[in-house]
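# Sequence first, predicted model second:
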Amino acid sequence: MGLSELAELPASLGRLRRLKELRVGSGRLAALPAALAALAAHGQLQRLSVHGHQQLAALPAWMGELRNLKYLNLSSNALAALPAWVGELRNLKYLELRDNQLSGAEKRRIASIKSRCFPHCELAF
């Protein structure tokens, strides 16, 4: 399912129990709604792409519960840091972080987490 140009996501997305891929690109999101936390509880989501949202500066804690996530694209947002829970995403194979506000020190911290927690993950800054 792909969504773009939205300022907010419909809460009903959290009720999609079998959702395996969600793409939300090039919009005006400033936050991901708590209603999407149900996606973590369902345990089916494997690919998440939230890119091109210049107001999105933080990620919610519930994303750390996306245990089956293999692909995470967070490019072209306003992220200055990634939460510590990113290290809990042990099945991650691809993490895209290009065109954010990440400092050199934050990139080194993320690379360190990657090497300890998911060494087979491709990381793109």
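Alright, I've got the coordinates.

# pLDDT below threshold where in this structure?
Within the chain, the stretches with pLDDT under 70 are 1-6.

# List the buried residues of the longest helix seen in it.
Assignment by DSSP state H gives helix 104-117 as the longest helix of the chain. Neighbour counts over helix 104-117 (16 or more other Cβ atoms under 10 Å) mark Glu106, Arg109, Ile110, Ile113, Lys114 as buried. Yep, even glycine has a C-beta here, placed from its N, CA and C like the rest.

# try stretch 56-70
Buried residues in stretch 56-70 (16+ other Cβ under 10 Å): Leu56, Leu59, Pro60, Trp62, Met63, Gly64, Glu65, Leu66, Asn68, Leu69, Lys70.

# Could you do stretch 29-38 as well?
Under 16+ other Cβ under 10 Å, the buried positions of stretch 29-38 are Leu29, Leu32, Leu36, Ala37, Ala38.

# Let's see which of those residues end up in helices.
Those of these lying in helices (DSSP H): Ala37, Ala38.

# Let me know the closest of the buried residues of stretch 29-38 to Glu88.
Ala37 (14.6 Å; Cβ to Cβ).

# list the contacts for the closest residue to the closest one other than its chain neighbours?
In this structure, Ala37 finds its nearest non-sequential neighbour in Trp62, 3.7 Å apart by Cβ to Cβ, 6 or more residues apart in numbering. If you count contacts by Cβ atoms under 8 Å, 6 or more residues apart in numbering, Trp62 has them with Ala34, Leu36, Ala37, Ala40.

# Ok, Lys70 next?
Per Cβ under 8 Å, 6+ apart, neighbours of Lys70: Gln46, Arg47, Asn91, Leu92, Lys93, Tyr94.
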